[in-house]
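generate a structure from the sequence data that follows.
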Amino acid sequence: MNEDYIGNIITGHVLREVQSVKANVQYTKSQLKTLAEQLRRVERDRDTYRKSLRKQRRRLTEDIRASQLNRTVADLRDARMLKSELNQTNDDLCDTKRKVIGLTEDFIALNTSCVTMRSKVESCMDDLQEIQLRLPTDIQSLTTQLNQTKEDLLDTKEVISGLSEDFIALNRSCGMRKEVKPSEGNESSLTTSSLSQMSLTTSTTTFPGTTAASTDPSPSNTASLAPVKTQNSDLHASTDPSPNTTVPPTPLTTHDPDPHATPSPAAGRRLYSASGAGDLETVKRILAAGHVDINTRGYYSRTPVMVAARRGHSVVVEFLVGRGADVSLVDRGGNNVLHLACIVGDLETVKLIVSWNVVGINARSNKGRTAVWWARHWGHQRVVEFMESRGGH
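Model (predicted):
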């Protein structure tokens with residue numbers, strides 16, 4: 001009984017399991033059918049989607065081709081424009097390069113000229129300052145000279161009036177002489193004597209600034225015009241026994257027809273101009289005529305010997321010193337004759353002045369500049385070497 005019961009239980013259990021499996025199978029079949037239907041719907045949707053996708057793809061391809069073509073055309077147009085702009089830019093760059101090269105060359109030339117002009121401007125500024133300083137004094141000097149010229153003109157007018165009166169008197173005397181009979185010998189000789197005296201008086205009348213020395217034929221009234229040579233054999237009486245050191249030549253005295261006469265400003269101006277021009281014969285002639293101050297002051301308060309040294313006329317300098325020119329004087333800037341000779345750089349003039357041993361070789365101007373400084377400033381190397389060999393600095 002137990003076996004039957006167990007068998008029935010197992011059989012019932014198996015039957016239930018079989019039925020359960022059948023039910024699951026049927027459910028699975030129904031599920032499969034549902035899935036099959038869903039699959040068929042999905043396939044239909046897929047086919048529909050594929051058709052629409054092909055259509056969209058064809059449209060998209062056509063649109064892409066059209067857009068690419070338009071874009072290509074636009075790009076080609078832009079590329080052409082860019083090419084023309086690039087060519088124009090290249091031309092502009094070439095022009096700019098040429099301009100830059102030209103500007104560089106101009107800048108180099110300008111820089112070179114600026115360096116040259118700078119030194120010239122500095123020199124001009126110094127000269128301008130000196131001109132500004134001496135301008136009021138020069139105006140006053142010109143005013144004084146103008147007044148003196150007016151006085152000279154008045155004197156000349158008076159002299160001309162006197163000469164006219166003398167000429168009229170001489171003319172009258174000549175008329176009276178024609179009326180004299182030949183037999184009256186004494187009266188004729190007296191008239192001739194009076195005419196000779198009148199003629200002498202007329203010939204000795206002079207203009208201002210001239211001298212009556214020409215009426216006296218005596219050679220004692222004229223001074224020797226030969227320049228004095230400064231030789232070592234004539235200067236051993238100096239206190240310096242050095243053989244290469246000399247002193248200024250002994251001044252020669254000129255016999256002035258009127259030693260008490262006031263020196264003529266006009267003659268002083270002529271002496272100053274002739275010394276600056278290096279005209280030795282004119283200088284000799286003016287000094288021989290007299291009535292002139294050999295140390296007269298001219299431009300920038302410089303004397304004739306100063307302006308001769310400034311222009312490098314060593315022969316005129318030596319002659320003026322031989323006639324008594326004072327080489328220890330200075331101009332308005334405190335520059336002496338050695339300073340001025342070093343400025344122009346004339347080595348012969350410098351050696352001549354240094355050989356006299358009168359001017360201090362290291363004397364300073366109002367701005368503290370020595371003669372060597374001036375020679376170095378203007379690039380006169382030979383003068384600098386000579387001055388340094390003599391102790392200049």
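
all helices of the stretch 201-350 of the chain, in order?
265-277, 280-289, 304-310, 314-322, 337-344, 347-356 (DSSP state H, counting those that start in this stretch).

what residues sit buried inside the fourth one?
Right, the one you point to is helix 314-322. 314, 316-322 (16 or more other C-beta atoms under 10 Å). C-beta here means a position set from N, CA and C on the backbone, and glycine is covered the same way.

quick one, it and helix 337-344 angle?
Interaxial angle, helix 314-322 versus helix 337-344 (axes from the mean of the first three to the mean of the last three C-alpha atoms, to 10 degrees): 170 degrees.

before we move on, what about the second one?
If you take the same axes, to 10 degrees, helix 280-289 sits at 160 degrees to helix 337-344.

which strands and helices sit next to helix 280-289?
With contacts defined as 3 or more C-beta pairs under 8 Å, 6 or more residues apart in numbering; DSSP states H and E, helix 280-289 has these neighbours: helix 265-277, helix 314-322.

just the CA trace of the longest one, in CSV.
Once side chains and other backbone atoms are set aside, the C-alpha atoms of helix 265-277 remain, and they are given as CSV (Å, rounded to 0.1, in the frame of the first residue of the first chain):
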residue,chain,number,x,y,z
PRO,A,265,90.4,156.3,-36.1
ALA,A,266,90.2,156.0,-39.9
ALA,A,267,93.9,155.1,-40.1
GLY,A,268,93.4,152.6,-37.3
ARG,A,269,90.6,150.9,-39.2
ARG,A,270,92.7,150.7,-42.3
LEU,A,271,95.6,149.2,-40.3
TYR,A,272,93.3,146.7,-38.8
SER,A,273,91.8,145.7,-42.2
ALA,A,274,95.3,145.5,-43.9
SER,A,275,96.6,143.3,-41.0
GLY,A,276,93.7,140.9,-41.3
ALA,A,277,94.2,140.7,-45.1
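
list the contacts of it.
The list of residues contacting helix 265-277 from outside it, by C-beta atoms under 8 Å, 6 or more residues apart in numbering, reads 145, 148-149, 152, 208-209, 282-283, 286-287, 289, 291-294, 296, 298-299, 303-305, 307-308, 310-311, 313, 316, 320.

please compute how far it lies from its chain's middle.
Here helix 265-277 shows a centroid-to-chain-centroid distance of 30 Å under the convention C-alpha atoms, centre = their mean, to the nearest Å.

the helices of the stretch 201-350 of the chain: which one's closest to residue 368?
helix 337-344 (11.8 Å; C-beta to C-beta).

could I get the average pLDDT for the closest one?
Averaging pLDDT along helix 337-344 gives 93.

that one: how far from the chain's middle?
On C-alpha atoms, centre = their mean, the centre of helix 337-344 falls 21 Å from the chain's centre.

between helix 347-356 and it, find me the angle.
Going by the same axes, to 10 degrees, helix 337-344 makes 160 degrees with helix 347-356.

lowest-confidence helix or strand of this protein?
helix 185-204 (a mean of 38; mean pLDDT, DSSP states H and E).

look at residue 242 and report its pLDDT.
Predicted confidence (pLDDT) for residue 242: 37.

ok, residue 10 - how many residues close by?
Neighbouring residues of residue 10 were enumerated by other C-beta atoms under 10 Å; the total is 10.

what distance do you get for residue 332 to residue 102?
According to C-beta to C-beta, to the nearest Å, residue 332 stands 48 Å off from residue 102.

those two: which is more packed in?
residue 332 (15 against 10).

from memory that one sits against residue 301, does it?
Yes: with contact defined as C-beta atoms under 8 Å, residue 332 counts as touching residue 301 (4.2 Å).

just the buried ones from the contacts of helix 265-277?
Taking 16+ other C-beta under 10 Å as the criterion, what is buried in the contacts of helix 265-277 is 152, 208-209, 282-283, 286-287, 289, 291-292, 294, 296, 298-299, 303-305, 307-308, 310-311, 313, 316, 320.

got the angle for the longest helix seen in the chain vs helix 265-277?
With secondary structure taken from DSSP state H, the chain has its longest helix at helix 2-179. Interaxial angle of helix 2-179 relative to helix 265-277 (the same axes, to 10 degrees): 130 degrees.

pLDDT (mean, whole number) over helix 2-179?
Here helix 2-179 scores 81 as its mean pLDDT.

got it, and stretch 303-310?
93.

what separates that stretch from the chain centre, distance-wise?
That offset, for stretch 303-310, works out to 25 Å (C-alpha atoms, centre = their mean).

against residue 24, how distant is the residue most central in space within the chain?
Centroid check for the chain by C-alpha atoms, centre = their mean gives residue 120 as the closest residue, at 2.4 Å. As judged by C-beta to C-beta, residue 120 and residue 24 stand 122 Å apart.

how many other residues sit next to residue 45?
Using other C-beta under 10 Å, residue 45 has 10 other residues around it.

again, but for the one 10 residues further on
When counting by other C-beta under 10 Å, one arrives at 10 neighbours for residue 55.

go on, residue 20?
10.
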